[in-house]
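In: The following comprises the amino acid sequence and a computationally predicted model.
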Amino acid sequence: MGRGCVVAALLLACQDPGTSVVPSEAPHPLAPPGVAHTGPFSAPDGLPLVYPTRLAWSDDGVLYVSDIQQGAVFGYRDGVREVQLDGLDRPQGLAVHGDRLYVGLAGAGRVDAFDLSARVRLGSLGDGDGAFAMPNAIAVAPDGERIYVADSAVDEVAVHSADGTLIRRIGGPGDADGQLRFPVDLDVDGERLVVADQTHHRVQIFDLDGGFLSSFGEPLPGDALTVDAWQGRFTRLQSVAIEGSSIYVLDSWFGHVQVFDLDGRPQGFAGRRGNCATCVDLALDVEVGGEGALLVTDPERGRWATLPLELRRDP
Amino acid sequence: MSHALATLVLACASSAHALPGPPHDLAAGITCSDCHVPYGGLMGAEVGVASSGATTTLTDIGATWMMDEWVGGVVSFVSGPNDGLFREVTGNGADSLSWSAPLPFPVAPGDDYSLGITTDYDIQTQCKTCHNPMGTAAAMSDVGLHVVGGEVIGCGDCHDPHNLEASSGVGNGLLRAEVRHGSAGAPVVFPSPNPSNDFVAGAAPFDGICETCHTAAAYHRNDASGSHAHEATTACTDCHPHGDGFAATACFGCHNPAPPAGYELAPDMTGLGWDGAYPKGMPGTHTLGSSEDCRACHTLANHQDGAINVALQPDPNGDGRMWSSYLWAPSGALRADWCLECHDDNNGGMSYAPGSALEGWIQNLPARRLTEGPDGTMNKGDFYEGMDIASSEPLPNSIYPTYVHARRGGIGPWGCLECHGGPHDMRWSYVGSRGADACYSCHGGGANANRTDETGATTGGKLDSPYHEYNGGGLFSIASTHDGPLTPGADAMICRQCHDVHRISRQRDAPDGWSLFDPTDVDPAGRSSTPYLGTKTTFCSTCHPTITGTHTGGALCEDCHTWHGSSLPKLLWFDPVAEGVTVAVSPNPATVPDAGSQTFTAVVTNYPAWLPSYAQWSLVPTGGGDPGATLAKDEFPDLALGPPSAVSSDLVVSHLATISGLQFHLDVPHTYRGLLRAEITKDGTTTALLQADSMFDFTADLIFTYDPVSGYLPGSLEYRTSPGPRRPSGDLGVFTGGPVAGTWTLTITDTNPASGATGALDYWELTVNAGTIGTLTPVSDSFDAGFLATYPGTGEVTAGITGGKVSAWPPVQVRVDSAPGTLTVTP
């Protein structure tokens, strides 16, 4: 085993020229494209989504959706399904970076990486099966070199290198700054990692190495009798996304997204729960969907929904 | 704090408003404010403009509320001096609202407001913010809402998040001590901590948690009626899991491919197209593969209540194109519609694929190639050239839209299930283990009831050797298939190599009746893509390119050859009628003594001398007769039904014949014939089901003739609507070959005597068709063979020589049905 590689390392990124270990269950990751539908990759079908949980955009405009009940990940371009991975063991967390797709498998307790061009499974992060208790969310740093996995059940964020090696753990159970209680989601930009710290009703911001920077948010109290009192307060903080100069926080209790600037100052609300055309039922993930819109999964209705990013001041 | 809502939330752990129990999962860090939030119920929000108001009241003259409709809800002000404030509503009239905590300013005309109230939907959704696969309660996220008769039974009806009740099954689901649903009849008891099954108590007063509401279920009702023995030692949720809304979706737990002894499923589903052969077990499932897949076709609403009508989904593929009937289609055509819900017409894109293709029917082709022809003239080395079956892609699951395979006699379209087994039939994917079986079941098999094999036995089934007659049988019957060698056991070409029942649109190219012809399938490689245009020779060239048009004189292939008509080498025609073959049987009529015998002689003329041959014959009574009399029983006084729940009537018969066929006629006036079940028993030992009860048949009077040969098929439209003959629910063949003489017992059972329906057995009769009187043992090389008929009965019978054939080697067979004669019996 070469320097820097661990047993379950992602072989594509293992640069030690002296060794070459090819997992028996997958073709070599450098196999030429056109090896269609290898492993979990299969021909896209027309089956509807059943319970979509997470969303992830690729750089080339494909929206990936994990469906935990179907055990599948689907990729849509302009609403047309063009990628499909089947037979996944309760897929939850989801992230895509370049040709690399990461899927958190709650059933197997691992995070798998796939090469979207070669259509092969590359391997797993860390120790493979059982490495994670609940890989609820995944984010990849813009340079692709660090993969952050929110392991909700153990109150921490695991950071892996692109070759699958565990670099460090962030958080851990506790109530102090930098500690977490059920980190349900996370996102990352070039400078900061934002974590939805659900039980603490707060969003924590770390640097890319896990150093605590700041946090905002608190529980919505019973005496929040004015609209203004809702801002920056959460009941069921479910998802977080960072894009440009804004942080988007989904509260599934109300089905709305609160928008903050990078310093945690509230900017307004978008979306709501209910039966209207742009309402959601049980929203579990938020993703910035391009200009003027947010995307949220709406699993009870077997869909994702597009919310107009028209901020209002009422919740 | 004066605000009622805030008080409730903030003081949950103390004060007069304190709840008498801890918050849900307090030990796990859950606090009051994790669930109790102001303004939490936004569903059903309504907006309006105040006409007038004060600090604790509001009037909106445009409103039309019901009294106290909004009590417990929240009014929120979104303009005016109170903008951003809201209050819990304590009362409302038709156009007025009131609350207890005064606003800072009086409500002014023109102030905008909204109204919201927490609904069951809110509660359900809010529970799921933790009880979802990604939530803190992910381990308990597999919950489905209990829906009964379209009504949602909410989480809170059975669960109390505060675990308030002393007997509420602490640690066992936060169950309430008293289910809040309106039909609940008693408090819930929990026999012991986490017993094997505390969902039902199993004994009066029937206060297990399921029993408290289930008043109309088949099992475990709280009014002591119904069965309480149903799976008494099994937890209800083992078969009715919460994750499926308590529907019985663990289907295979009860419905096994090999059902254990004692399982039964009522009613007989014959009337719905079920073949009735598998009471509770399923011989197989549609290839979706697991118990979960049952729901792709079945909607299980009500099944969890013990209801037995597991109705079909009206929209199985979820495309919004609703199927036309909620029940199983009564006719073949509509059944095809049902199949097309997923196997969508002309759907090459598989966008409706439920996970399986119309698999196998092309792979089922013989993956062999002939390397040389037997005579060198037909270049059979090219025969399967290009038919690289093994590498062929399976067809998508689509079938073509013009679904008009001509039915027998040209009546109506076919439904898928006329060839394919039902979705629970192992033959679902394939129509038979051999590709041609389904075709032969009509074309030369089942459609030809009198069809016999070379031994004279009636087969009524598939053609399994090349030695069959080719010019007898019913319309469109097929004797032999195109095949190379005539060696018994060799693979034959199968029908679907040339015909495609799913591509009916091709028949426009086949004006002479060669419908379903598909040259593309004959040669998938596309070597000859010329559509069939009425000249069979053109079609021959698809596989025999070297012989096309080479015959002198312009003769076409079909002038000399037939690929259905002959088992002669080279598939040459042999038409006995055209050759002038005749047959005479004597004596006709004949006289034999009672229980005596008579020798008959059959003489064949004009048979080609170049063919050695033999003959075989049988003498069969025609039209019933004696043996074969109609025997009746007029019940007077009429035997009354319901209650008592069953009546029986005996008919004693002394005739000597053996049974080859039976018909029955019943005359049972009754309020609801679907409640009735009719069985026939011979000598107290052999029983067959004549009529199954059917909960879907609420028509009066069971007055029918049961004819197992020509009666309407169960599940057909005629079966449901016509008074004409119908087929028995069971198999009368169990009596075949036995003596007519004996005691026949008809038993009519009212399956629900408590229903109040009444009726009587007035009259019934049976008609016995006798077996063959005599047959000839074939004698080689003799056309004037005599054969011996032994007659067991008394009297006079009209009989005919049927099923006779002249056979030769190489095998060619002539079938002759002579005119009926009169066989006189001397006592």
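Out: Okay, I see it. Numbers count the residues shown, from 1 in each chain, chains lettered A, B, ... in the order given.
In: Tell me how far B:A94 lies from B:V75.
Out: Look at B:A94 and B:V75: by Cβ to Cβ, to the nearest Å, they are 16 Å apart. (Glycine included, C-beta is placed from N, CA and C.)
In: And these two? Which one has more around it.
Out: With neighbours defined as other Cβ atoms under 10 Å in any protein chain shown, B:A94 and B:V75 compare such that B:V75 has more, 26 against 12.
In: quick one: pLDDT of that one?
Out: What the model reports as pLDDT for B:V75 is 86.
In: Then A:A36?
Out: As summarised for this prediction, A:A36 has a pLDDT of 33.
In: residues in the stretch 51-200 of chain A within reach of chain B, list them.
Out: Counting by Cβ under 8 Å from any Cβ of the partner chain, the stretch 51-200 of chain A comes close to chain B at A:51, A:53, A:68, A:90, A:92, A:106, A:134, A:136, A:152, A:181-182, A:184, A:198-199.
In: from the residues you listed, which two are the most distant?
Out: In terms of Cβ to Cβ, those reach their longest pairwise distance at A:Y51 and A:R181, which sit 25.0 Å apart.
In: returning to what we had before: so how do I select the buried members of the residues of the stretch 51-200 of chain A next to chain B in PyMOL?
Out: If you want just the buried ones from those in PyMOL, going by 16 or more other Cβ atoms under 10 Å in any protein chain shown, the selection is:
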select buried, chain A and resi 51+53+68+90+92+106+134+136+152+181+182+184+198+199
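In: Among the residues of the stretch 51-200 of chain A next to chain B, which ones are in strands?
Out: In this view, those that belong to strands under DSSP state E are A:53, A:92, A:136, A:184.
In: now those residues as CSV including pLDDT and distance to B:V653?
Out: As requested, these are exported to CSV (pLDDT from 0 to 100; distance: Cβ to Cβ, whole Å):
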residue, pLDDT, distance to B:V653
A:T53, 93, 72
A:Q92, 92, 73
A:N136, 96, 77
A:V184, 97, 80
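In: Can you lay out those as a markdown table showing distance to A:D209?
Out: A markdown table is the format used below for those (distance: Cβ to Cβ, whole Å):
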| residue | distance to A:D209 |
| --- | --- |
| A:T53 | 28 |
| A:Q92 | 25 |
| A:N136 | 22 |
| A:V184 | 22 |
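In: Go through those and say which is closest to B:Q124.
Out: Closest approach to B:Q124 among those (Cβ to Cβ): A:T53, at 18.3 Å.
In: quick one, what contacts that closest one?
Out: A:T53 is in contact with A:66-68, A:91-92, A:94, A:284-285, A:297, A:299, B:133-134, counting by Cβ atoms under 8 Å, 6 or more residues apart in numbering or on different chains.
In: at 10 Å instead, please
Out: With contact set as Cβ atoms under 10 Å, 6 or more residues apart in numbering or on different chains, A:T53 has these partners: A:65-69, A:90-94, A:104, A:106, A:136-137, A:284-285, A:297, A:299, A:304, B:132-134.
In: Show me which residues of stretch B:744-753 are buried.
Out: Using 16+ other Cβ under 10 Å, the residues of stretch B:744-753 that count as buried are B:744-753.
In: Between all of the residues you listed, which two are separated the most?
Out: Considering Cβ to Cβ, no two members of the buried residues of stretch B:744-753 lie farther apart than B:W744 and B:N752, which are separated by 26.4 Å.
In: Help me confirm that A:I242 comes into contact with A:L193.
Out: Yes: the pair A:I242 / A:L193 is scored as a contact, 8.7 Å apart, by Cβ atoms under 10 Å.
In: For those two, indicate the residue with more neighbours.
Out: For A:I242 versus A:L193, neighbours defined as other Cβ under 10 Å are more numerous around A:L193 (26 against 22).
In: bridging residues for the residue nearest to the more buried one when sequence neighbours are not counted?
Out: If the residues on either side of it in the chain are set aside, A:L193 comes closest to A:F206, at 4.4 Å by Cβ to Cβ, 6 or more residues apart in numbering or on different chains. Counting by DSSP bridges, A:F206 forms beta bridges with A:L193, A:F212.
In: Next, work out how far apart A:F206 and A:S252 are.
Out: Counting by Cβ to Cβ - A:F206 and A:S252 are separated by 23 Å.
In: So for those two, which sits in the more crowded spot?
Out: For A:F206 against A:S252, the residue with the higher neighbour count under other Cβ under 10 Å is A:S252, and the figures read 31 against 23.
In: tally of neighbours for the residue nearest to the more buried one when sequence neighbours are not counted?
Out: Of all residues beyond its chain neighbours, the one nearest A:S252 is A:Q238 (3.9 Å), with distances taken as Cβ to Cβ, 6+ apart. When counting by other Cβ under 10 Å, one arrives at 28 neighbours for A:Q238.
In: In the helix or strand that A:Q238 is a member of, which residues are buried?
Out: A:Q238 is part of strand A:237-243, with elements assigned from DSSP states H and E. Burial within strand A:237-243, assessed by neighbour count using 16+ other Cβ under 10 Å, is assigned to A:237-242.
In: wait, what's in contact with the residue nearest to A:S252?
Out: Neighbour list for A:Q238: A:184-185, A:196, A:198, A:249-253, A:255, A:257, A:282-286, A:296-297, B:129, B:132, B:134-135 [criterion: Cβ under 10 Å, 6+ apart].
In: Please verify my assumption that the residue nearest to A:L193 contacts A:D187.
Out: No: when contacts are counted by Cβ under 10 Å, A:F206 is not listed as touching A:D187 (11.4 Å).
In: Find me the pLDDT at residue 294, would you?
Out: Just so you know, I chose chain A. Each residue has a pLDDT score; the one for A:L294 is 88.
In: wrong one, chain B
Out: 59.
In: Three-state assignment for B:D157, please.
Out: helix (DSSP: H, G, I helix; E, B strand; the rest coil).
In: didn't B:L690 look like it was pressed against B:D707?
Out: No: counting by Cβ under 10 Å, B:L690 stays clear of B:D707, with 11.3 Å between them.
In: the more surrounded of those two?
Out: Neighbours around B:L690 and B:D707, counted as other Cβ under 10 Å, are more numerous at B:L690. The numbers are 25 against 20.
In: Quick check: chain neighbours aside, which residue is closest to that one?
Out: Nearest in space to B:L690, with sequence neighbours left out and distances taken as Cβ to Cβ, 6+ apart, is B:A678 at 4.2 Å.
In: ok, that neighbour - how many residues close by?
Out: Residue crowding around B:A678 was assessed by other Cβ under 10 Å; the count is 26.
In: is it in a bridge, and if so with what?
Out: Per DSSP bridges, the residues bridged to B:A678 are B:Q691, B:I748.
In: Tell me who's in contact with it.
Out: Contacts for B:A678 (Cβ under 10 Å, 6+ apart) come out as B:664, B:666, B:668, B:688-693, B:702, B:704, B:706, B:728-730, B:746-749, B:761, B:764.
In: how does it look with 8 Å?
Out: Neighbouring residues of B:A678 by Cβ under 8 Å, 6+ apart: B:666, B:668, B:689-691, B:702, B:746-749.
In: ok so, going back, need the residues touching each of A:F206 and A:D187.
Out: Both A:F206 and A:D187 are contacted by A:193-194, under the criterion Cβ under 8 Å, 6+ apart.
In: I'd say B:V152 and B:L145 touch.
Out: Yes: at 5.4 Å, B:V152 counts as touching B:L145 under the criterion of Cβ atoms under 8 Å.
In: Now list whatever residues contact both of these two.
Out: In terms of Cβ under 8 Å, 6+ apart, B:V152 and B:L145 are both contacted by the residues B:Q124.
In: which residues in the stretch 51-200 of chain B form helices?
Out: Using DSSP state H, counting those that start in this stretch, the helices found in the stretch 51-200 of chain B span residues B:120-128, B:155-158.
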